[in-house]
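Student: Return atomic coordinates for the entry below.
(chains A and B)
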Number of protein chains: 2
Amino acid sequence: MKDPMNKPANQQKKDSSAVTPRAQDYAQWYLDVIKNASLAEHSPVRGCMVIRPHGYAIWEKMQRELDDRFKATGHENAYFPLFIPLSYLAQEEKHASGFAKECAVITHHRLKSIDGAIVPDPESKLEEPLVVRPTSETIIWAQYKGWIQSYRDLPLLINQWANVVRWEMRTRLFLRTAEFLWQEGHTAHATETEAREEVARMLDVYADFAENVMAVPVVKGTKTEGERFAGALDTVCIEGMMQDGKALQMGTSHYLGQNFSRSADVKFQNREGQLEYVYATSWGVSTRLIGALIMTHSDDAGLVLPPRLAPIQVVIVPIYKTDEEMARTTEEARKVAAELKAQGVAVRVDERDGMMPGAKYYEWEGKGVPLRIEVGPKDLEKGSLCVARRFLADIPGETPEQQRKRRKAFLPRAEAIASIKPTLDAMQKELLEKARAFRASRTRVIDTLEAYEKFFREEGGGFAWVHWAGTAEQEDEMAKRFETSIRCIPFDDQIPAEARGEGKCILTGKPSAKRVLMSKSY
Amino acid sequence: MKDPMNKPANQQKKDSSAVTPRAQDYAQWYLDVIKNASLAEHSPVRGCMVIRPHGYAIWEKMQRELDDRFKATGHENAYFPLFIPLSYLAQEEKHASGFAKECAVITHHRLKSIDGAIVPDPESKLEEPLVVRPTSETIIWAQYKGWIQSYRDLPLLINQWANVVRWEMRTRLFLRTAEFLWQEGHTAHATETEAREEVARMLDVYADFAENVMAVPVVKGTKTEGERFAGALDTVCIEGMMQDGKALQMGTSHYLGQNFSRSADVKFQNREGQLEYVYATSWGVSTRLIGALIMTHSDDAGLVLPPRLAPIQVVIVPIYKTDEEMARTTEEARKVAAELKAQGVAVRVDERDGMMPGAKYYEWEGKGVPLRIEVGPKDLEKGSLCVARRFLADIPGETPEQQRKRRKAFLPRAEAIASIKPTLDAMQKELLEKARAFRASRTRVIDTLEAYEKFFREEGGGFAWVHWAGTAEQEDEMAKRFETSIRCIPFDDQIPAEARGEGKCILTGKPSAKRVLMSKSY
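Tutor: Take a look at the predicted model:
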């Protein structure tokens, strides 16, 4: 994937920050991409990660895009407490058994020095322990009781940006950490119909964000009972395919029915003057999306970012040998930057002195900056600029020479500057197309267990469209045999043409109305 | 303060959501303003508040303004763990004694059902308890050790937006809560000079934000040793005056010297090739600023917001009796809204049916919306709009009639629309001027204990500029006698002309080089 043209010879050998090729060790590749791009790292605090500035800047761009969409669909942000009393968590039975397990439990509110050691002060023991929120349904619905009296107070459309904690034994940066950042929408409605519309609306918001901002194609569908959110009547989700063929659940939206309004006793007076329990939804996405972004687009040279999520879309590197050249090329770099900034492009001039241009290219490449502009003395003479792309879509039949020219183009100055925004837009589309093509190449319509076994054991696996009519126990059997699960029961319009129609369950032979999506997953 | 013109008769009597006058009960007035504006409320979780959408929208506007300023001064955002191991907190001695006291202590990581009750699972007891961060110096500096090797890695300029917890026995919405939201900057520098410049720079950012965005005038100065941040060599602050004459500390910036780099062992190779401990700063502001905003500007009719922080700057209320009038006035209201939106004004059309215009005026007034536009059938006929201001600056000698016209103006449509942005700008300035005038009216230069006593016991108190050369014990004596403290040792340019110069300590008579700022405080 890496173009030797992009790198000076001294950078081509393996160095300490290099990235392990995907084919060699996918899990290590993932960690290397993160480290090489300075996105995040483990902290000494068990299971908690540190999100470094470049990683956090991506999260901020995701937040802005999502938040704009939430507000455009009528939602407002609010903030609820970090702590949940044990008794609250226990209110909704299924929710409790789902979440009241591995969590951070606060038992004391003071420290004390005893025999020279700082310990929790025994006298500060809480009457009722508190749990750090793993999700906020219970605490939020306790508050909604005071906010909702009549149908006029509905719908109540609220979102919260927050940190949550789910104690995890085995963690993986972004994908599974004890503490993570997320948003959680919690809405209240007067009817089941309205609540279900909200559930679908927010899943569509997530799918739109995934495809058009993250450039990650997703399948929308319903979770099976076993994979449902604890306390929900229905969970719908979006599932993306990572480069190892595994599915990653990228966002979920839950129809909670009256479960939480009942346990928190939130009734409203409907238009007919009767008291009724409120209908609820919740929906969320998290910093896990950064993991999805990495595993969908990045390559053996490191991070690849879709332009719409790139904190720096264009880096400009002045190239010089003498002080006089430095002054001239830096001045031109700044001028170009100002012109691009005026167009709304996120641009940085890399003015670090004492660093070879090749080392700079290498660093920005690893950080996923979509475009690089090089400004050398010869470019000044010719009135040209060199524009290099971080990635290229394959064009069948193209010669290496043609590809090189496309990857790194020397253009007249005005033309180069005018090309930046269209190129960024094109790259955004190319990434989505590429991810779609990859997913198609790793998707099969499968009708026999033999073919299923071959796909997942010998052909690398991916998404399998199969008919299913088995029991929960038989799902477990599939998981044991193949490490696969039903990722979702897809919405009808999500099933590709060749996979539509009735058939027979791949395991039991029983009749099945439509295919489900099976895959290994994170 | 309230103009009866602004309110229909049926709203003028005291109702359940009305605001207690400041003069009657200042503390209750504060709570009433918050409740009436739906800004926040207590949660059932001890000491934790719920920030409601209108309050959170103000916080979001504050965040955006501050974050832009942080980024413009070269800072990047990152995210560090919520939890801090006990041993980390204990590393820096003074810091530990300051913060390792009232905090949330996590001792278990799992719950279990024992005899039908959910309790912390004894088998999940943590080897080392964790503390929910009260501030993040220790955990962040542990991470910086891996990020800083050479002077080339410096300065490291990082900010975090986060929630923190300091267990509080007596809480007050926004001003003092167990959990609160804040930002904390943590920077690393190669020299003391650079670090001290950063401390001053960020205090200036806070002061600029306070005065030009919040419209709250502040005094900048240095804290005395007793009020210093635990672990800092110097703490500088901005202090505002609330409407009860008390000071509120609105932001602090700390010079930490090498205290934290030493305890976390963070050394760097300087330009001369020697290893040296890094110089540190930290600085923060919190949701407490919303408390400052309320207590500086609000009146007996409820919240008053400076236009730059108003989530809704203009509300448009259609007025009608018949359905036909409703259609026409609503259409016009939407048109006006679209025109204002195109100018960048945050506008909302209040289309709620079945609600009297007076009730709407009252609600938006209580929520601090700076301008209201009324659109009635007569306005449509005349081609005019009625523009009403939430507050007015006093003009000496103005008749009530003149004031009424200024408060509620009937203007030709185009003129009205053209007036909105300049009026918002003018109101922003007027609020700052008004707050400055109030502060001046409650500020004294005081040279005798008798005058001091009279000021704080009989004249309502405020800011007192006094000479001071006492000991820490004598500071405590002043606190006991008058409930006052040294808010700061002001920077020289912060001292008003009439308070400059040397003198003698108000308590001891010892010589003093310059006056300090004394006041009661929150």
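
Student: For chain B, see how far away A:R444 is.
Tutor: Here A:R444 is placed at a distance of 40 Å from chain B (C-beta to the nearest C-beta, to the nearest Å). Where you see a C-beta, it was placed from the backbone N, CA and C, and this is true even at glycine.

Student: tally of neighbours for A:A472?
Tutor: Using other C-beta atoms under 10 Å in any protein chain shown, A:A472 is surrounded by 10 other residues.

Student: Could you check the pLDDT of it?
Tutor: A:A472 carries a pLDDT score of 93 in this model.

Student: Could you find the closest non-adjacent residue to it?
Tutor: Distance criterion C-beta to C-beta, 6 or more residues apart in numbering or on different chains; nearest residue to A:A472, sequence neighbours excluded, is A:G226 at 5.6 Å.

Student: give me the number of residues near the one you found?
Tutor: A:G226 has 11 neighbours, counted by other C-beta under 10 Å.

Student: Looks to me like it is in a strand.
Tutor: No - going by DSSP: H, G, I helix; E, B strand; the rest coil, the assignment for A:G226 is helix, not a strand.

Student: so what's it scoring on pLDDT?
Tutor: 89.

Student: repeat for A:S113
Tutor: Note on A:S113: pLDDT of 84.

Student: what does A:H95 give?
Tutor: Per-residue pLDDT puts A:H95 at 79.

Student: Is it in a helix, a strand, or coil?
Tutor: Following three-state DSSP, the label given to A:H95 is helix.

Student: and it, what is it in contact with?
Tutor: A:H95 makes contacts with A:L89, A:E137, A:T138, A:A230, A:G231, A:N259, A:F260, as judged by C-beta atoms under 8 Å, 6 or more residues apart in numbering or on different chains.

Student: Then A:A479?
Tutor: A:S485 are the contacts of A:A479 under C-beta under 8 Å, 6+ apart.

Student: So it: helix, strand or coil?
Tutor: The local conformation at A:A479, judged by three-state DSSP, is helix.

Student: which residues touch the most far-flung residue of chain A relative to its centre?
Tutor: Distance from the centre of chain A peaks at A:D115, with 47.8 Å (C-alpha atoms, centre = their mean). Contacts for A:D115 (C-beta under 8 Å, 6+ apart) come out as none.

Student: For chain B, see how far away it is.
Tutor: 14 Å.

Student: Repeat that for A:A333.
Tutor: 19 Å.

Student: again, but for A:T177
Tutor: 9 Å.

Student: Run through chain A and note the low-pLDDT ranges.
Tutor: For chain A, applying pLDDT under 70 flags the ranges A:1-17, A:100.

Student: what about the longest strand in it?
Tutor: In chain A, taking DSSP state E as the definition, the longest strand is strand A:102-114.

Student: so what's A:G501 up against?
Tutor: Applying C-beta under 8 Å, 6+ apart to A:G501 gives the contacts A:K514.

Student: ok, now with 7 Å
Tutor: By C-beta atoms under 7 Å, 6 or more residues apart in numbering or on different chains, no residues touch A:G501.

Student: From B:G366, how far out is it?
Tutor: Distance, A:G501 to B:G366, by C-beta to C-beta, to the nearest Å: 60 Å.

Student: what's the answer for A:Y88, then?
Tutor: Counting by C-beta to C-beta, the separation of A:Y88 from B:G366 is 31 Å.

Student: same question, A:M250
Tutor: For A:M250, the distance to B:G366 - C-beta to C-beta - is 41 Å.

Student: same question, A:A472
Tutor: From A:A472 over to B:G366 the distance is 54 Å, taken as C-beta to C-beta.

Student: List the residues that contact A:F410.
Tutor: Shown in contact with A:F410 (C-beta under 7 Å, 6+ apart): A:S384, A:C386.

Student: Based on its surroundings, how many neighbours for the residue lying closest to A:V105 once chain neighbours are set aside?
Tutor: The shortest distance from A:V105 to any residue other than its chain neighbours is 4.1 Å, reached at B:H108 (C-beta to C-beta, 6+ apart). Number of residues near B:H108 (other C-beta under 10 Å) recorded here: 23.

Student: Can you spell out which residues form a bridge with B:H108?
Tutor: For B:H108, the beta-bridge assignment (DSSP bridges) gives partners A:V105, B:K125.

Student: just A:L157 next, same as before
Tutor: According to DSSP bridges, beta-bridge pairing links A:L157 with A:T187.

Student: Next, work out how far apart A:S38 and chain B are.
Tutor: A:S38 is 9 Å from chain B, by C-beta to the nearest C-beta.

Student: Mind giving me the packing neighbours of the lengthiest helix in chain A?
Tutor: Using DSSP state H, we find that the single longest helix of chain A is helix A:413-441. Judged by 3 or more C-beta pairs under 7 Å, 6 or more residues apart in numbering or on different chains; DSSP states H and E, the packing partners of helix A:413-441 are helix A:288-297, helix A:323-342, strand A:371-375, strand A:384-389.

Student: by how many degrees do the helix or strand just after the first one and strand A:384-389 diverge?
Tutor: The helix or strand immediately downstream of helix A:288-297 is strand A:314-318, counting by DSSP states H and E. Put simply, strand A:314-318 runs at 130 degrees to strand A:384-389, going by axes from the mean of the first three to the mean of the last three C-alpha atoms, to 10 degrees.

Student: Strand A:314-318 pairs with which strands, and in what direction?
Tutor: strand A:347-349 (parallel), strand A:371-375 (parallel).

Student: tell me the most buried of these?
Tutor: Highest mean neighbour count among the strands paired with strand A:314-318 (mean count of other C-beta atoms under 10 Å in any protein chain shown): strand A:371-375, with a mean of 24.

Student: now the next helix or strand along the chain from it, how far from the chain's geometric center?
Tutor: Following strand A:371-375 in sequence order, the next helix or strand is helix A:377-382 (DSSP H and E). Its chain's C-alpha centre and that of helix A:377-382 lie 42 Å apart, by C-alpha atoms, centre = their mean, to the nearest Å.
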